[in-house]
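Novice: Requesting a structural model of the entry that follows:
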Amino acid sequence: MKIPEYTKRFNEKLFKLDAVEVLEQLKELSQGKDLALLCYEKPGDFCHRRLVAEWLERKTGIEVPEFSQVKKEETNQPNLL
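Specialist: Numbers count the residues shown, from 1 in each chain. Next up is the predicted model:
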């Protein structure tokens, strides 16, 4: 299946879901820990994770940044090298 058709079908399935309910279920499953949407594709390649992230943002206002866009916090932890 080509990407435009896949995207259309995947989005049709997403838009049948209640985003707030999905988030509540994920929060329950995570037991208060942080959540992450992950995939195996290289940055810039098509992936359905991005479709889910965009859906969540449109429906809930929650931004799901790409991993490479997340700033790593500086720590004062010494390293071994």
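Novice: Quick check, central residue of this protein?
Specialist: residue 37 (3.7 Å; C-alpha atoms, centre = their mean).
Novice: My guess is that residue contacts residue 53. True?
Specialist: Yes. Counting by C-beta atoms under 8 Å, residue 37 does reach residue 53; the two are 5.9 Å apart. No exception for glycine: its C-beta is placed from N, CA and C like everyone else's.
Novice: In space, what's closest to the residue nearest to the centre of the chain - neighbours in sequence excluded?
Specialist: In space, and not counting its chain neighbours, residue 37 is closest to residue 49: 4.9 Å by C-beta to C-beta, 6 or more residues apart in numbering.
Novice: picking that back up, what about the residue nearest to the centre of the chain, which SS state?
Specialist: Secondary structure of residue 37, reduced to three states by DSSP: H, G, I helix; E, B strand; the rest coil: coil.
Novice: name the element residue 53 belongs to?
Specialist: helix 48-60 (DSSP states H and E).
Novice: list the helices and strands that helix packs on?
Specialist: helix 3-14, helix 19-30 (3 or more C-beta pairs under 8 Å, 6 or more residues apart in numbering; DSSP states H and E).
Novice: roughly how far apart are the spatially closest residue to residue 40 that is not a sequence neighbour and residue 21?
Specialist: The spatially closest residue to residue 40, leaving aside those adjacent along the chain, is residue 47, at 7.9 Å (C-beta to C-beta, 6+ apart). Going from residue 47 to residue 21 by C-beta to C-beta, to the nearest Å gives 24 Å.
Novice: Pick out whichever of these two has more residues nearby.
Specialist: Each of residue 47 and residue 21 has its neighbours counted (other C-beta atoms under 10 Å); residue 47 has more, 16 against 9.
Novice: What pLDDT is listed against that one?
Specialist: Residue 47 is assigned a predicted lDDT (pLDDT) of 86.
Novice: Contacts only, for it.
Specialist: Residues near residue 47 by C-beta atoms under 8 Å, 6 or more residues apart in numbering: 39-41.
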